[in-house]
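Q: Here you go, sequence then predicted model.
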Amino acid sequence: MLQLNAESLYADLRRGVQSLLPERPDAALVGIWSGGAWLAERLQRDLHLPGAPGVITSALHRDDFGSRGLASGSGKTQLPFAIDERHIILVDDVLYTGRTIRAVVNELFDFGRPASVTLAVLVDRGGRQLPIEAAVAAARITLPPQERLSLARDEQGHFTFAVRTLA
């Protein structure tokens, strides 16, 4: 059984994102709904960055939108800053096929043209279907396709992982 300590991995992610900031002094964090948004919110606070992070959803740009529709509780995109010429650090919890990242980048460009987009993830689980790579990944693991890794957050804001097998 896979055991991942989400809090330890968060500390590694925080260090990785912090190392990106000197190269991008005008960087803005944008978390992908929902796990990435939780991570971006905590990173914003722990790194003492001004303002609030952005939140972005992939719902409207997914290639499976026709069969999936708008997922209940999928959130909505909220970008409390200008995107044009901004260095965006896109934060997500689990990177798998790359399809969510593709959809989110499309959504991001609906709001403007960033100077750059850098991906930081808590876990890269492999299995890519698109040529997408995280600049920062706190862990790189391999999971069978039928297993899903999901981030959870308790009332105190602490992170844990759950692994479930699809039927």
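A: Ah, there it is.
Q: Any regions of this structure where pLDDT drops low?
A: For the chain, the stretches with pLDDT under 70 are 1-2, 62-74.
Q: all strands of it, in order?
A: In the chain, strands defined by DSSP state E lie at 28-32, 54-56, 87-95, 116-124, 136-140, 147-153, 159-165, listed in chain order.
Q: Could you check the angle the lengthiest helix in the chain makes with strand 87-95?
A: When the chain is parsed with DSSP state H, its longest helix is helix 6-20. Counting by axes from the mean of the first three to the mean of the last three C-alpha atoms, to 10 degrees, helix 6-20 points 160 degrees away from the direction of strand 87-95.
Q: how about helix 6-20: buried residues?
A: For helix 6-20, burial by neighbour count (16 or more other C-beta atoms under 10 Å) applies to 6, 9-10, 13-14, 16-17. Backbone N, C-alpha and C define where each C-beta goes, glycine included.
Q: now stretch 112-120
A: Those would be 114, 117-120, for stretch 112-120 by 16+ other C-beta under 10 Å.
Q: what do you get for stretch 124-140?
A: So stretch 124-140, judged by 16+ other C-beta under 10 Å, has buried residues 124-125, 132, 134, 136-139.
Q: Next, the residues that contact that stretch from outside, please.
A: Stretch 124-140 is contacted from outside by 4, 9-10, 12-13, 16-17, 19-20, 94-99, 101-102, 118-123, 141-143, 145, 149, using C-beta atoms under 8 Å, 6 or more residues apart in numbering.
Q: how far out from the middle of the chain is it?
A: 11 Å (C-alpha atoms, centre = their mean, to the nearest Å).
Q: end to end, how far does it reach?
A: 5 Å (C-alpha to C-alpha, to the nearest Å).
Q: got the contact list for the residue nearest in space to the middle of the chain?
A: Compute the mean C-alpha point of the chain, and by C-alpha atoms, centre = their mean the closest residue is residue 92, 1.3 Å away. Residue 92 makes contacts with 31-32, 35-36, 39, 100-101, 119-122, as judged by C-beta under 8 Å, 6+ apart.
Q: repeat that with 6 Å
A: By C-beta atoms under 6 Å, 6 or more residues apart in numbering, the contact list for residue 92 reads 32, 36, 121.
Q: and the last one, bridged to which residues?
A: Same thing as residue 121. Residue 121 forms beta bridges with residue 92, residue 137, as assigned by DSSP bridges.
Q: Could you double-check that it lies in contact with residue 95?
A: Yes: in this structure residue 121 lies within contact range of residue 95 using C-beta atoms under 6 Å: 4.4 Å.
Q: Tell me how many other residues crowd the nearest residue to residue 164 once chain neighbours are set aside.
A: Once flanking residues are discounted, residue 164 sits nearest to residue 148: 5.3 Å by C-beta to C-beta, 6 or more residues apart in numbering. Close neighbours of residue 148, defined as other C-beta atoms under 10 Å, add up to 14.
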